[in-house]
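S.K.: From the sequence below, what's the structure:
(2 chains)
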Amino acid sequence: MKQVTLSHVGKTYGGVDAVHDFSLTVKQGELVALLGPSGCGKTTTLRMIAGFVLPTAGEIRIGQHNVTEMPPYRRSTGMVFQNYALFPHMTVSQNVGFGLEMRNVARADIKARVLEMLRLVHLDHLLDRYPRQLSGGQQQRVALARALAITPDVLLLDEPLSNLDAKLRHAVRIEIRQLQRKLGLTTIFVTHDQEEALAVADRLVVMNKGRIEQVGTPRELYDTPRTAFIADFMGRANFLRGYVSAPGTFLTQSGQRFYFSGSAPSSTSILSVRPDCIDLVPGDAAPKHPNVLSGIVRAITFLGPVNEVMIGSDTGQTISVHSRTASHDIASLKEGEPVRISWPVKASQILDASDWPDNEGRYKNRTED
Amino acid sequence: MNWRTAVGFASDAASSGVLATSIWRFLYYFIVLSVFLFMFTPVIFVFWVSVFENAVITFPPRGYSLKWFSNAWAAGAFLDGFLTSVKIGLFAMIAGLALGIPASFALVRGRFPGREVLNTFLLSPLIVPGIVAGTAIYIYFIQLELWTGVRMISTLPGFVMAHVALTIPWTVRLVSSTLVGMNKSLEEAAMSLGARPLTTFTRVTLPTIRPGVFAAAIFSFIVSFTDLEMSLFLAGPGRTTLQIAMLQYLEWKFDPTIAAVSVVQILLIGACLLITDRFVKLSRIV
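M.R.: Have a look, this model is predicted:
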């Protein structure tokens, strides 16, 4: 397993930047997720590392080797495709052994290695089956075993879980993570599912329109998003437009004052607060936190462990609040009645509004999945 | 009828609207059956006539006999024609595949100006009447003979060259359609595992499109084997195809021998199609 380095990599299709100035180092044994809406360039980036797409700018290194112009069959990358891409005319063991056969490994050694790989993914009883006789989850594991059999320098996963049902996705996700840790695999994982990325990755690279928006650990990106795009993409958030009027103080366009900690970009800004950081203030009680906003309850949606309360706030914007079903606050709430909400100073995040085009609280260029 | 439809039928009959439905259903099956009958009647008659005893075909037959089959065998012309047709068919099929498979790749995978035009051009023999194509090829071959002095008409290479025009459209059409449906990541997977382009082609691409290639081979053979119009211009003394042998026989004699030959031919082609269908569902490709 080796380190993968991309320096200023770019890909232009007929004058359009699919990927622009992409620089990233994936350390040996690290799992990095490329995350972003469809069309953000994450798959193109992965395909450039695999060698299926030639970059129009920059350099890609696997270990010490410059592989920028190298054809895919001379690189040592193990790729798992979204649709698994198992060879339909070969058995499970022929599929897993294909890469070794290409490397002219002795027949007996291939057999041993294939068995070892299939044991790793718990499929050593299905050696002679054909792919069409396997379930989606089994095909997925065969694809993984096939990619790992060649002891690749880097493991590339292209939306590997998106064709599985929700329950299986969760199980396979944990399995991939355990295997990656156990074998110390340098792994690059492409996904559009932020929850998946948060759960699996050591580091996340959030991409938007061909550019890196932010790189960091899951916690960093969730807690301190740099832009409104990240805040919105990394889970639901409420956005209030306004500006920083004094250090630690944010003034909305309609005149409400909110407090935040830390430094913040000047000029026009966005205050972001996550639905699960907001408390409902019961009746006439004193609010627990300094940031207080009142409004009218528009709708209450039961989501299981939490209820989503949509509040038409005095700022003119609809605020989403996640209130735990177990709490008492939610029981007394009625649609159409006034309500107050509050949130701690720490929960206010000030974001640069320069890439924030509309007043609707929705990010304009975000593709819904 | 299973119990579900049976129950449905009984409860349906209670309302008048459903009576109309069953009339429509009856009409539907009646039309379907009629169409099938219409299509199969000639074949049924050919089979029937081939075992008539009397030489002059009259209904009802005086008796039944298999002598026309042995008569056809003894005639010699049919056997010669059959062998010639098989030879032409096989060569035309192989040449058609050798040219049609690369063409399909270019048409499906390539991005070049005039791609659509080329595609239409390669399929065009399907829409040109055989007699027109035959005339054109005949004139062209005569010119070629005049210029080069090499005999083309009523030679095996001449037949094969002409018949390749018949087999290419089928090859291109059948191979292209499997190629379009092929998952491209299979080839990428092979390459990421270390397979060079040529190995990828022989080990992954070709096996994946095999059903299409197989269907193309069978269909090519059949269109070449059953062609009459184009061959009519190219046949000469000592080299006739089975179809021409049959036509020539009919010109001076009309007895059940011709039906016997047809029966053999229908069974052969039917067998070909059945074999093909075992490998690839024809209904999904053609």
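
S.K.: C-terminal to the helix or strand harbouring residue B:38, what's the next element?
M.R.: Assigned by DSSP states H and E, residue B:38 belongs to helix B:16-49. Note on helix B:16-49: by DSSP H and E, the next helix or strand toward the C-terminus is helix B:67-75.

S.K.: what helices or strands is that following helix leaning on?
M.R.: helix B:257-279 (3 or more CB pairs under 8 Å, 6 or more residues apart in numbering or on different chains; DSSP states H and E). Backbone N, C-alpha and C define where each C-beta goes, glycine included.

S.K.: what's the angle between the helix it packs on and helix B:16-49?
M.R.: With axes from the mean of the first three to the mean of the last three CA atoms, to 10 degrees applied, the angle from helix B:257-279 to helix B:16-49 works out at 130 degrees.

S.K.: what's in contact with helix B:257-279?
M.R.: For helix B:257-279, contacts defined as CB atoms under 8 Å, 6 or more residues apart in numbering or on different chains pick out B:43, B:46-47, B:49-50, B:52, B:68-69, B:71-72, B:75, B:78, B:210-211, B:214-215, B:218-219, B:221-222, B:225-226, B:242, B:246, B:249-250, B:282.

S.K.: could you list every residue that touches residue B:107?
M.R.: B:115, B:118, B:119, B:122, B:172, B:176 are the contacts of residue B:107 under CB under 8 Å, 6+ apart.

S.K.: Just the buried subset of those residues, written out for PyMOL, thanks.
M.R.: Of the contacts of residue B:107, the buried ones can be selected in PyMOL as follows, counting by 16 or more other CB atoms under 10 Å in any protein chain shown:
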select buried, chain B and resi 118+119+122+172+176
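
S.K.: what's the farthest-apart pair in the contacts of residue B:107?
M.R.: The largest separation in the contacts of residue B:107, counting by CB to CB, is between B:115 and B:172 at 12.5 Å.

S.K.: Secondary structure element holding residue A:214?
M.R.: Residue-wise, residue A:214 maps onto strand A:211-216 under DSSP H and E.

S.K.: contact partners of the helix or strand just after that strand?
M.R.: Where DSSP H and E defines the elements, the next helix or strand beyond strand A:211-216 is helix A:218-223. With contact meaning CB under 8 Å, 6+ apart, helix A:218-223 is reached by A:197, A:198, A:199, A:201, A:204, A:206, A:214, A:230, A:234, A:235.

S.K.: what do you get if the cut-off is 7 Å, keeping everything else the same?
M.R.: Contacts of helix A:218-223 from elsewhere in the structure, counted by CB atoms under 7 Å, 6 or more residues apart in numbering or on different chains, are A:198, A:201, A:204, A:206, A:214, A:230, A:234, A:235.

S.K.: number of nearby residues for residue B:202?
M.R.: 11 (other CB atoms under 10 Å in any protein chain shown).

S.K.: Distance of it relative to chain A?
M.R.: 12 Å (CB to the nearest CB, to the nearest Å).

S.K.: Next, give phi and psi for that residue.
M.R.: The phi/psi pair for residue B:202 (degrees, to the nearest 10) reads phi -80, psi -30.

S.K.: So for it, what's the pLDDT?
M.R.: Looking at residue B:202, its pLDDT is 90.

S.K.: same thing with residue A:354?
M.R.: Reported pLDDT for residue A:354: 64.

S.K.: Please, where are all the strands along the stretch 151-300 of chain A?
M.R.: A:154-158, A:187-191, A:203-208, A:211-216, A:238-246, A:249-252, A:257-259, A:268-273, A:279-281, A:291-302 (DSSP state E, counting those that start in this stretch).

S.K.: returning to what we had before: next one: the strand holding residue A:214 to chain centre, how far?
M.R.: Offset of strand A:211-216 from its chain centre (CA atoms, centre = their mean, to the nearest Å): 11 Å.

S.K.: What of stretch A:74-83?
M.R.: Counting by CA atoms, centre = their mean, stretch A:74-83 comes out at 20 Å from the chain centroid.

S.K.: Just the C-alpha atoms of that stretch, please, in CSV.
M.R.: Presented in CSV, the C-alpha positions along stretch A:74-83 are these (Å, rounded to 0.1, in the frame of the first residue of the first chain):
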residue,chain,number,x,y,z
ARG,A,74,0.4,-0.7,-15.7
ARG,A,75,-0.8,0.9,-12.5
SER,A,76,-1.5,-1.2,-9.6
THR,A,77,-5.0,0.0,-8.5
GLY,A,78,-7.8,-2.1,-7.2
MET,A,79,-11.0,-0.7,-8.4
VAL,A,80,-14.5,-1.6,-7.2
PHE,A,81,-17.2,-0.3,-9.5
GLN,A,82,-20.7,0.9,-8.7
ASN,A,83,-22.2,-1.9,-10.7
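
S.K.: Quick check: buried residues in it?
M.R.: A:75, A:76, A:77, A:78, A:79, A:80, A:81, A:82, A:83.

S.K.: rewinding a little: filter the contacts of residue B:107 by proximity to chain A?
M.R.: Residues of the contacts of residue B:107 in contact with chain A (CB under 7 Å from any CB of the partner chain): none.

S.K.: and which of the contacts of residue B:107 is nearest chain A?
M.R.: Taking CB to the nearest CB as the measure, chain A lies nearest residue B:115 of those, at 17.6 Å.
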